[in-house]
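Colleague: Just the structure for this:
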Amino acid sequence: MIRIYGYLRASTKEQNAKRAKQALESFVADANSVISGWFIENESGATLKRPELFRLLDIAQRGDILLVEQVDRISRLNSQDWELLKSQITGKGIIVVAFDLPTSHQFINSRSDEFTQRMLTAINSMMLDVLAAVARKDYEDRRRRQSEGIAKAKMDGKYKGRPANLKRNENITALLNAGKSYTDIVNILGCSRSTISKVRKSTPKP
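Modeller: Model (predicted):
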């Protein structure tokens, strides 16, 4: 029995990774199928450091479907890292289905003959490569525009850096005052040890 696994990703903790969940559920329901499980995380698509994605790939069996809203949810990777990820997906015989990849839609409850299935798989693989490359280019273009904007702001004397996360810093201070260790605070808030150290040094002594 083919199972469908939904994968939802957002780049930062401030973004809502579950935003597309309802749309994916409706898409699968229209095909008279159900989603067997969800894998949700807030990690950059430009890195292979995505534990939930790889947990999905570990659980899925040959013929199972990895369902995403867009191909960039699974990859904004450079070409080398994309080939590594794609080899794991194809090596296990997992099928990627995405809203922005129409050639993949027929794999939901598909009952094609073997020849048609192989042709569709080949076309889908090619289009997946194209969209992964487009997603990477979009990522690089946005990073370049961001760097150019920061450089211009610095030249104009208007760049103030990333604004402090005041609420997070207040929570760090409160936990430090409560006697919590750095490890405790990392586990509770999900921040880095260096961030805790900066907050501690910037907090006035009582």
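
Colleague: Counting by contacts, list what the longest helix belonging to the chain packs against.
Modeller: Of all the segments assigned as helix in the chain under DSSP state H, the longest by residue count is helix 114-155. Contact here means 3 or more CB pairs under 8 Å, 6 or more residues apart in numbering; DSSP states H and E; on that basis helix 114-155 packs against helix 79-91, strand 95-98. Backbone N, C-alpha and C define where each C-beta goes, glycine included.

Colleague: so which of these gets nearest Val68?
Modeller: Taking CB to CB as the measure, those were each checked against Val68, and strand 95-98 came out nearest at 4.9 Å.

Colleague: which secondary structure elements does that closest one contact?
Modeller: Secondary structure elements in contact with strand 95-98, counted by 3+ CB pairs under 8 Å, 6+ apart, are strand 65-68, helix 114-155.

Colleague: can I see the domain layout of this protein?
Modeller: Each structural domain of the chain that the record assigns through automatic domain parsing is listed here as a residue range: 4-138, 166-202.

Colleague: and those, which one is worst for confidence?
Modeller: Among those, domain 166-202 carries the lowest mean pLDDT, at a mean of 86.

Colleague: for it, how far is the first residue from the last?
Modeller: The first and last residues of domain 166-202 sit 12 Å apart, counting by CA to CA, to the nearest Å.

Colleague: List the buried residues in that domain.
Modeller: By neighbour count with 16 or more other CB atoms under 10 Å, domain 166-202 contains the buried residues 169, 171-172, 175-176, 180, 182, 185, 189, 191, 195-196, 199.

Colleague: Appreciated, that's everything.
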